[in-house]
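J.: starting from these lines, generate the structure:
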Amino acid sequence: MISNWSIGGIWVGPLLILLLCTLFTLSNQAATRQVPADFPTIQQALDASSDGDSVVVAAGIWFGSLDFGGRDLVLLGSGTSTCILQGLAGRLLVFSRGESSAARLEGFTLRQGQAPTGASNAGGAILIRDSSPTLRGNRFELCSARQGGAVALIRSSSLLEGNEFDTNQAFMGGAVYVMGGAPELRSNRFLHNTGGLRGYGGALSLESTAARVRQNLFVENGAFLGGAISCRLSPEALIERNTIAGNEARMGGGLYLAAGDPLVQGNLVAWSAQGEAAASALMASPMLGCNLHFDNAGGDGFPGQNQGGNRVLDPLCCDPQAGDYRLQPGSPCYSADCGILGFTDENCQGTDILPHEITIAGCDLRIAPNPFNGRTWLSITGDPGRDWRLELYSITGRKLGELASSRTGHARDMALDPTHRINGHALAAGVYFLRLTHARGELCRKVVYLP
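T.: Numbers count the residues shown, from 1 in each chain. Modelled structure (predicted):
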């Protein structure tokens, strides 16, 4: 029992307790450390940090091999054009002590990282092993290794989002190598990476993994097998809505699929300089649905199990010769049976493509009542698969926010309540679109709010 006592007639027992609680709270608040203002080197700032802390790095060229040391830290650069992590005949960063998705690297260019020779020759810039940090908004260039010229993911569930990989090299996965785990690669750009004359996956090599590869752009990568992507022994992998253009390989200018049956859907594979759009080998029978192939030097066929919706047509990109793979009006990459194909939701004017009402067999989205005032109930019926998300769009095609997804553990039955703000957006009276993205493609429904 704590008894009160006084100084000069003032009871200080409760005051002392309040002071101790305040000090404890302050000591547990996340701190921000500046480099070089607070610490001369990045590693010194990392070593002085605890879980939840941020290290902010000013513009400049920075050297040294970095390690988060098992802590969930956020390392922020001033931007890829000004903040460079420069290799000196060595790897730049290692995550191998169980860092979670809360650990994040963002806003750097990682240049000329080189993995050490020997058994650990993986990940020229970054090796991630038995850890799952987030890599977002970085640029990787001129890095090399035997596996994963820029990044190697081994037994990881990392998220790689909004990164650019340019002119990296490795025997397996010129830019990124994935072994095991279930990482997600989303909205990245892979340009001019190579797997070498005898290598696998000019940009990306997947092995024995449940990786999800979504809405990435692969342009002018090359390898012996799989100019853009090599996927082996990975029946649970998902390759969805990527634009794969101008790549080359002896076999599979776009995709090389071997010894497994991954789900490959909603991709645009075109203009391979060598090799077919997709090739399968070693008794693979991949599931291909709603893919568009066009003008690939080795052929535009669809190997494996045809899930329907595959087509051979000019995608009508805005200006592919200038590297603009957005979609012209009337592009066959948007259709009632498959939704949007390829990596982008933008048209040539840079605005979102307006979702139309489409239906995919085997899954539905029910809205009752519709139109509605007050609130309406949404119900996902059928089987949307292991990965799905439900998003709300305005009538102009602007995404307002995500309502639910399998990643966040939401139920399939939920209420849409206009009194609840969605990403800061209050719902006014009008027409909206709900887009359900799931294992078979995309399904859109119109909903009308009448307050």
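
J.: surely residue 126 touches residue 113?
T.: Yes. Using CB atoms under 8 Å, residue 126 is in contact with residue 113, at 7.4 Å. (Each C-beta comes from the backbone N, C-alpha and C, glycine too.)

J.: so what sits against both of the two?
T.: Taking CB atoms under 8 Å, 6 or more residues apart in numbering as the contact rule, residue 126 and residue 113 both touch 91, 92, 150.

J.: now for the last one: which residues touch it?
T.: Taking CB under 8 Å, 6+ apart as the definition of contact, the neighbours of residue 150 are 110, 113, 123-126, 140, 143, 165, 168, 175-176, 193.

J.: setting the sequence-adjacent residues aside, check what's closest to it.
T.: residue 140 (3.7 Å; CB to CB, 6 or more residues apart in numbering).

J.: likewise the second one?
T.: Taking CB to CB, 6+ apart as the measure, residue 92 lies nearest to residue 113, with 4.4 Å between them; neighbours along the chain are not counted.

J.: so the one you found versus residue 341, what's the distance?
T.: Relative to residue 341, residue 113 is positioned 34 Å away (CB to CB, to the nearest Å).

J.: over to residue 307?
T.: With CB to CB as the criterion, residue 307 and residue 341 are 14 Å apart.

J.: returning to that earlier point: check the offset of the helix or strand harbouring the residue nearest to residue 150 from the chain's centre.
T.: Per DSSP states H and E, residue 140 falls inside strand 139-141. On the basis of CA atoms, centre = their mean, to the nearest Å, strand 139-141 sits 16 Å off its chain's mean C-alpha point.

J.: with stretch 154-163 instead?
T.: Per CA atoms, centre = their mean, the centroid offset for stretch 154-163 relative to its chain is 7 Å.

J.: for the closest residue to residue 53 other than its chain neighbours, which residues are in contact?
T.: Once flanking residues are discounted, residue 53 sits nearest to residue 31: 4.8 Å by CB to CB, 6+ apart. Counting by CB under 8 Å, 6+ apart, residue 31 makes contact with 49, 50, 53, 54.

J.: which of the residues you listed are buried, as a PyMOL select command?
T.: Here is the PyMOL command that picks out the buried ones among these, judged by 16 or more other CB atoms under 10 Å:
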select buried, resi 49+53+54
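
J.: so which of the contacts of residue 31 are in strands?
T.: residue 54 (DSSP state E).

J.: between the contacts of residue 31, which is closest to residue 445?
T.: Distance to residue 445 across the contacts of residue 31 (CB to CB) is lowest for residue 54, with 40.4 Å.

J.: so in terms of bridging, what pairs with that closest one?
T.: Per DSSP bridges, the residues bridged to residue 54 are residue 32, residue 74.

J.: ok, it touching residue 73?
T.: Yes. With contacts counted by CB under 8 Å, residue 54 reaches residue 73, the gap being 7.1 Å.

J.: so which of the contacts of residue 150 is the most crowded?
T.: Counting neighbours by other CB atoms under 10 Å, residue 175 comes out on top of the contacts of residue 150 with 39 neighbours.

J.: what separation do you get for that one and residue 218?
T.: Remark: distance between residue 175 and residue 218 (CB to CB) = 9 Å.

J.: tell me, what's touching the two both at once?
T.: Taking CB under 8 Å, 6+ apart as the contact rule, residue 175 and residue 218 both touch 190, 203, 204.

J.: OK, contacts around the first one?
T.: Yep, that's residue 190 we're talking about. Contacts of residue 190 by CB under 8 Å, 6+ apart are 165, 175, 176, 203, 204, 216, 217, 218, 219, 221, 228.

J.: mind listing what the third one touches?
T.: Spelled out, that is residue 176. 148, 150, 151, 152, 153, 160, 165, 185, 190, 203, 204, 205.

J.: per-residue confidence at it?
T.: Here, the pLDDT recorded for residue 176 equals 98.

J.: with the last one instead?
T.: According to the per-residue confidence, residue 228 scores 98 in pLDDT.

J.: ok, it touching residue 206?
T.: No. With contact defined as CB under 8 Å, residue 228 does not count as touching residue 206 (11.5 Å).

J.: those two - which one has more neighbours?
T.: residue 228 (39 against 31).

J.: neighbours of residue 450, how many?
T.: Counted with other CB under 10 Å, residue 450 comes out at 9.

J.: that one contacts residue 369, doesn't it?
T.: No. Judged on CB under 8 Å, residue 450 makes no contact with residue 369 at a distance of 10.0 Å.

J.: which SSE is residue 198 in?
T.: For residue 198, there is no enclosing helix or strand under DSSP H and E.

J.: that one and residue 152: what is the separation?
T.: In terms of CB to CB, residue 198 sits 19 Å off from residue 152.

J.: with neighbour numbers in mind, choose between those two.
T.: Ranked by neighbour count (other CB under 10 Å), residue 198 and residue 152 place residue 152 first, with 30 against 10.

J.: for the more buried one, what are phi and psi?
T.: phi -120, psi 130 (degrees, to the nearest 10).

J.: contacting residues around it?
T.: Contacts of residue 152 by CB under 8 Å, 6+ apart are 115, 122, 123, 126, 127, 128, 129, 145, 173, 176, 177, 179.

J.: same thing but 7 Å
T.: 122, 123, 127, 128, 145, 177 (CB atoms under 7 Å, 6 or more residues apart in numbering).

J.: what is the neighbour count of residue 252?
T.: Residue 252: 35 surrounding residues under other CB under 10 Å.

J.: now do residue 351
T.: 12.

J.: which pLDDT value goes with it?
T.: We have a pLDDT of 71 for residue 351.

J.: likewise residue 144?
T.: So, for residue 144, pLDDT stands at 97.

J.: check residue 20 too.
T.: pLDDT at residue 20 comes out at 50.

J.: ditto for residue 31
T.: pLDDT, read off for residue 31, is 97.

J.: ok, now how distant is residue 343 from residue 226?
T.: Counting by CB to CB - residue 343 and residue 226 are separated by 18 Å.

J.: same check, this time on residue 295
T.: 19 Å.

J.: mind checking which of those two has more residues around it?
T.: residue 226 (37 against 15).

J.: for the more buried one, which non-adjacent residue is closest in space?
T.: Once flanking residues are discounted, residue 226 sits nearest to residue 256: 3.1 Å by CB to CB, 6+ apart.

J.: over to residue 237?
T.: residue 262 (4.0 Å).

J.: count of residues packed around residue 39?
T.: 18.

J.: wasn't it part of a strand?
T.: No. Residue 39 is assigned coil when assessed by DSSP: H, G, I helix; E, B strand; the rest coil, not a strand.
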